[in-house]
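>>> The following comprises the amino acid sequence and a computationally predicted model.
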Amino acid sequence: MSNVVVPTTLDEALALLAADPQLSPLAGGTDFMVEVNHGARRPVRVLALRAVAELRGWRRDGDVLVIGAGCTYVSMADPAFAVAAPALAQAARTIGSPQIRNVGTIGGNLATASPAGDTLPVLMALGARVEVASTEGTRTLAVDELITGVKRTVLHPAELITSVRIPVARGPQEFCKIGTRNAMVISAAGIAVVLDREAHTVGCGLGSVTAAPVRATDAETFAAEAIDWSTLRAGAGTTERFGTLAADAATPIDDHRSTAAYRRHAIGVMARRALERCLS
Amino acid sequence: MTDVATHRRTGAPRVGESAPRPDGVAKVQGRFAFSSDLFAENLLWGQTIRSPHAHARIIDIDIREALSLPGVHAVLTADDVPGELHYGLEHQDQPVLAADVVRYFGEPVALVAADHPETARRAAAAVVVSYEPLTPLVDSALAAQADPIHPDGNVLRTLTIRHGDLDATAAVVVEGTYEVGMQDQAFMGPESGMALPSADGGVELFVSTQWLHADRRQVAGCLGLPEDMVRITLAGVGGAFGAREDLSLHVHLCLLSQHTGRPVKMVYRRPESFVGHVHRHPARMWYRHHADTDGTLVKVEARLLLDGGAYASSSLAVIANATCFAAGPYRVPHADIEGTVVRTNNPPCGAMRGFGAVQSCFAHEAQMDKLAAALALDPVELRRRNALATGDTLVTGQVITGAAPVAEVIDACASHPLPDLAAVDEQPMMHRPGGAGRTADAHHVRRATGFALGFKNLLFSEGFDDYSSAVCRLENGAVTITCACAEVGQGFVTLAQQIAREELGIDEIVLAPAETATVGSAGSTSASRQSWMSGGAVQAACRAVRGRVLQQVARRRGVALDGLVLRDGIIESLDGSVRVDLADAVDGPIEETAEYHHRPTQPLDENGQGDAHVSFAFAAHRAVVDVDPELGLVRVHDMTTAQDVGRVLNPLQAIGQIEGGTAQGVGLAVMEELIVEDGIIKNRSFTDYLIPTTLDMPTVRIAALIEEPEPDAPFGAKGIGEPPTISSTPAIVAALRAATGLELTRVPVRPQDIALPRS
């Protein structure tokens, strides 16, 4: 058989995967192919997902946005998408170069499970549900159930990520990230802040400062109580305290991209600024 | 001979006119053949086995398994090097393949050739090298006292400059310590090339490089072949910036090809490229400036320490530049300067655009700003008061005899209209510090300006007999120029044609491929020297051909030689009796070879005194930066520059050089650094070795190109490529200091240096 199989339906893809444990799923390839080129990955056979129609694009299902695992970053930067999921659109626009955004996918970002995956803090802040399928059936996981460590997930070899479900925005959202240049840079620290004006909740996801995705839950709880939801205002010191609590949730490391101290500091500043932008 | 009535001028660019590159469109469209695109029938692929240690003894190399793999044709070690075991640009101290000890991370140890690149990689992984790790010497400050890591010792060179009264002092004294990180040239085209065995037992090498004949000398020596059995042809170069002055895969390819009798190709991948070439020397610098209360400089004291890494490369010349230009382009009557470059187990460092002057300029310009602050004087005014001019004496005792329009450069740059310093609010978020990361609102941003001045020598120095050679051949009215000048992007491909058109009045000029078999050395494409040196050789060869043509016409037509002129392809006599097309004027081809030497220089004496340099070029930059002080993020908003260029030969290329050089200066100021820990480079990729994107690069505004002709130089033109890289970095950091009030004594300035200055 060919070294590369190109199914056109999800059922076909799952059947191929179930039949061949040495088949590696390939989405946009922006991580996969780099690893191949650097000799860090030697795939035996490849399951190319590009032609699977069910995985592509996104749709609105009532109050929920259903995003196909094969939805590209450039599709998520679309203005219509940005209205329903502003922070995710903002995150998608910061990823890589135009060439990367044209092919990279949200499913790939999840499956790669890098701490620097830029959609992950947004998906955490939104409480996203990830649908995973195999020929045995489907299951739904939270992002922090799916990703358990640096480049580690609970996916079985025969499973594919098929879609991600997030609530349609019900309030202001912000995403920001830091790298040492102004574009096309791997995040040294990132943050997403999501306000839900109906549920009166605040979501805060952190990027590049923990091994596995986390929410800054103390910061979320504090802000949800501090915000006057009818006016979207908060008392003096609220955003500063929110920043401090968000930074406390970070457990960053020193590496060649930044220092732990700077990353923690940056999370605090970005959290404060992001909440300031969300409040009126 | 037939008389003609019309001039033949097509409008092809001559000297002083913009000449677009002939390969420009092909490069943009992906059709240009780079050295990585070479191909030959029956090709083998080479792969290098490299040291994973910064310092270790080699106990054993077991090649048996690798050699037994199907498709593998050769596995070579130091034992297989037939000639000289070491090579080097100035000092022959670097092993072709490490034999007993490895001295840096990534040092070549063995080679493989196989029939497929993947097979070669697998074979390379199957070579078992047993090492006994040794403690790496990684602190340049400890190198002089440490046990030697090389038989030639750890101090590569110390240069002392003692000028004037060493006890002199003055009313105002400022002191500072500065540091420059390890920058990479970051060319796009990785090291690549192809070697083929030739019928006479020699070898043909196609490679991207900066100096074909220096390569040939070293390659032939290592192969144990006479130089004429090694033929090197320039392959398509994807950038150089100094990183291709040293050999990389040259000898390796030839060894594999000689051993297998087949063509062998190698292309480094990016992580290998980052260990496969030299880098800019990291520097630690201490300075003390003494000045009168009116700002007149009295004395400069400096101690410079450069980390040369494991092998000498061009360190000896780099430290000479760093030391000679340590006081900056200023009148300094008394100087006490010492520069040392040492050997360590860090990655080898060598040539990079700016070549030593970049490091000391960062320090002397910080000092000038510090002095201006101490004197409560405008920093630009302080520089103006001390600016060098023709007739002034450098700290090396050399009197500047050529053009030195330093005051003009300062004034043109400083007086150019500033951008609106309050316009931060109106910018899209994308154009604020943090860029696409959306971190800064307008009120988080501070805007400030900084100014810097820099200079360096042009051409080779310290008594080196530097020359270039060119052949001009006129045949059937067409002209072919042959020169071994390596085109690495600097524009010789257009310039050679422009000069030939200027001298011969013929528009159709063919530039033959650059190679070693047909012409003598052109010298290195470095030191901002090729427009002058190879331009001078082309000019001289063309003039020699013109002279012979006119002689023939004069003889045949019986007219006086000095009554003939050659213009636009037509030879005319002043009395109107002769008017003949150059194509028809002579029988048979006319060929002339010229060798161009610049005026001799002297070595520096024990006090660092001597006429060591041929010429100098000056540039100023004014930077406007936007800073988000709380996050430490920066966007350079505007770079305005003025430069001393002698004469502009190709305006389009001049602008390109200045923009590109400034971009490398922006990179060094705020992001470009190889992170080396215990001798290991941690960021061997363009994912983590960051260079400016379009969102990081401001528009470069050229306030003025100061055209004061250089007396010695062909067409009066000075080299343009390096000065933009020298003053751009300190100008940006000066602006960052103005915006933040921080000392910022190290480049690149990292976000944490601004946001968390005490951590």
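Thanks, I have it. Residues are numbered from 1 along each chain as shown, chains lettered A, B, ... in the order given.

>>> Now the element after the strand or helix carrying B:V580, going C-ward?
Element membership for B:V580, per DSSP states H and E: strand B:579-581. Next along the chain after strand B:579-581, taking DSSP H and E as the criterion, comes helix B:582-585.

>>> what's the spacing between that following helix and its chain's center?
Centroid displacement of helix B:582-585 relative to its chain, using C-alpha atoms, centre = their mean, to the nearest Å, is 41 Å.

>>> Pull out the buried residues from the helix or strand just after it.
For helix B:582-585, the following helix or strand on the C-terminal side (DSSP H and E) is strand B:590-597. Under the neighbour-count criterion of 16 or more other C-beta atoms under 10 Å in any protein chain shown, strand B:590-597 has B:590-594, B:596 buried. For every residue, glycine as well, the C-beta is placed using N, CA and C.

>>> residue contacts, residue 69?
Using chain A. By C-beta atoms under 8 Å, 6 or more residues apart in numbering or on different chains, A:A69 lies in contact with A:27, A:49, A:55, A:105-108, A:110, A:160-164.

>>> try again with chain B
So B:L69 contacts B:114, B:119, B:122-123, B:126 (C-beta under 8 Å, 6+ apart).

>>> what stretches of chain B score poorly on pLDDT?
Scanning chain B for pLDDT under 70 picks out B:1-9, B:759.

>>> which helix of it spans the most residues?
When chain B is parsed with DSSP state H, its longest helix is helix B:530-557.

>>> Next, the angle from it to strand B:590-597.
140 degrees (axes from the mean of the first three to the mean of the last three C-alpha atoms, to 10 degrees).

>>> Does anything pack onto helix B:530-557? Which helices or strands?
Helix B:530-557 is packed against strand B:467-475, strand B:478-483, helix B:492-504, strand B:564-567, strand B:570-573, helix B:582-585, strand B:590-597, with contacts defined by 3 or more C-beta pairs under 8 Å, 6 or more residues apart in numbering or on different chains; DSSP states H and E.

>>> export these to TSV and tack on distance to chain A?
Converted to TSV, these look like this (distance: least, C-beta to the nearest C-beta, whole Å):
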stretch	distance to chain A
strand B:467-475	39
strand B:478-483	38
helix B:492-504	29
strand B:564-567	51
strand B:570-573	53
helix B:582-585	50
strand B:590-597	42
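
>>> May I have the beta-bridge partners of residue 194?
With no chain named, the answer covers chain A. Note on A:V194: beta-bridge partners A:Q173, A:G203, judged by DSSP bridges.

>>> meant chain B actually
Counting by DSSP bridges, the residues bridging with B:M194 are B:F206, B:K265.

>>> Which helix or strand contains the one residue in the stretch 101-250 of chain A that gets nearest to chain B?
Using C-beta to the nearest C-beta, the single residue of the stretch 101-250 of chain A nearest to chain B is A:N182, 2.6 Å away. With elements delineated by DSSP H and E, A:N182 resides in a region that no helix or strand encompasses.

>>> Am I right that it is in contact with B:R635?
Yes: between A:N182 and B:R635 there is a contact at 5.8 Å, judged by C-beta atoms under 8 Å.

>>> and for these two, which residues touch both?
B:433-435, B:695-696.

>>> follow-up on the earlier one: mind putting the buried residues of strand B:590-597 in a markdown table, distance to B:E673 included?
Converted to a markdown table, the buried residues of strand B:590-597 look like this (distance: C-beta to C-beta, whole Å):
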| residue | distance to B:E673 |
| --- | --- |
| B:I590 | 54 |
| B:E591 | 50 |
| B:E592 | 49 |
| B:T593 | 45 |
| B:A594 | 43 |
| B:Y596 | 39 |
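
>>> check whether stretch B:266-273 contacts chain A.
Yes: Stretch B:266-273 comes into contact with chain A (C-beta under 8 Å from any C-beta of the partner chain), by way of B:269, B:271.

>>> How far off centre is that stretch?
Distance, centroid of stretch B:266-273 to centroid of chain: 20 Å (C-alpha atoms, centre = their mean).

>>> now stretch B:113-133
Worked out by C-alpha atoms, centre = their mean, stretch B:113-133 lies 33 Å from the chain centre.

>>> tell me, how many neighbours does the closest residue to B:V519 other than its chain neighbours end up with?
Leaving aside its chain neighbours, B:V519 sits nearest to B:T482 (4.8 Å; criterion: C-beta to C-beta, 6 or more residues apart in numbering or on different chains). B:T482: 24 surrounding residues under other C-beta atoms under 10 Å in any protein chain shown.

>>> between the buried residues of strand B:590-597, which is nearest B:P428?
B:Y596 (51.2 Å; C-beta to C-beta).

>>> quick revisit: name the nearest residue to the residue of the stretch 101-250 of chain A closest to chain B, sequence neighbours excluded.
B:G435 (2.6 Å).

>>> Could you pull up the contacting residues of that neighbour?
By C-beta under 8 Å, 6+ apart, the contact set of B:G435 is A:181-183, B:635, B:695-696.

>>> any idea where the strands of the stretch 151-300 of chain B begin and end?
B:155-163, B:172-180, B:192-197, B:203-207, B:230-234, B:264-267, B:283-291, B:297-307 (DSSP state E, counting those that start in this stretch).

>>> Determine which stretch of those strands is the most buried.
Comparing those by mean neighbour count (mean count of other C-beta atoms under 10 Å in any protein chain shown), strand B:264-267 comes out on top with a mean of 28.

>>> neighbouring contacts of it?
Residues outside strand B:264-267 that contact it (C-beta under 8 Å, 6+ apart): B:36, B:38-40, B:43-48, B:113, B:117, B:190-195, B:249, B:252-253, B:256-257.
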